[in-house]
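> Here is a sequence with its predicted model. Questions after.
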Amino acid sequence: MLLAIPSHAEFYRDRILAAQVEVKEHLDSADLGARLGRYTNEKTAGFETLKHVPSAETVRVLGEMLADDWTGGLELQENVRNSPLSTCAVVALGNL
C-alpha cells in the first residue's frame, strides 16, 4: 500500500532531514538532547520503513543520503554522536 502513495520515500527523507537541521541549528541549545532524540527517532523509523519499500523513489532517496556523512563533529560529545545518514542509507539499500 505504501508504494501506491506518491512521495512515499520523500516523506521519510524530509522528516529525517528536518530533524537533522534542528540539531545543526541548535548545537548550543539547552534542549539539544531532546532534538537529538527526535533526530534519532526519525532516522530509526524512516530507515526501518524504507528498507522494506522497494521502489525507484526509495532507491533515489537513499542514494541522495549516501553523500551525507554528518555526525556532529567536534560540536557534539563523542558519546552522543549519531551514525551518519550515509551509513543508514547503505544498510537500508542492502536490505532492499
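Now that the structure is in, tell me what you want to look at.
> Low-confidence stretches in the protein?
73-81 (pLDDT under 70).
> Mind telling me what element G63 is part of?
helix 56-65 (DSSP states H and E).
> Could you check how far A56 is from L96?
Here A56 is placed at a distance of 11 Å from L96 (C-beta to C-beta, to the nearest Å). Heads up, the C-betas are built off the backbone N, CA and C, glycines and all.
> Of those two, give the one with the bigger neighbour count.
Comparing A56 with L96 by other C-beta atoms under 10 Å, the one with more neighbours is L96, at 13 against 8.
> Helix, strand or coil: sort out the closest residue to that one other than its chain neighbours for me.
Distances taken as C-beta to C-beta, 6 or more residues apart in numbering place P54 nearest to L96, at 5.2 Å, with adjacent residues excluded. Look at P54: counting by DSSP: H, G, I helix; E, B strand; the rest coil, its state is coil.
> where's D31 relative to T87, distance?
26 Å.
> Compare the two and say which one has the larger neighbour count.
The neighbour count for D31 versus T87, taken as other C-beta under 10 Å, is higher for T87 (16 against 10).
> Quick check: which element contains the more buried one?
Here T87 is covered by helix 85-95, with elements defined by DSSP H and E.
> Return the set of buried residues in that helix.
85-89, 92-93 (16 or more other C-beta atoms under 10 Å).
> helices and strands around it, which ones?
Packed against helix 85-95, as judged by 3 or more C-beta pairs under 8 Å, 6 or more residues apart in numbering; DSSP states H and E, are the following elements: helix 32-50, helix 56-65.
> now the first one against helix 56-65, angle please.
Note on geometry: by axes from the mean of the first three to the mean of the last three C-alpha atoms, to 10 degrees, helix 32-50 and helix 56-65 are set 140 degrees apart in direction.
> helices or strands up against helix 32-50?
Counting by 3+ C-beta pairs under 8 Å, 6+ apart, helix 32-50 packs on helix 8-25, helix 56-65, helix 85-95.
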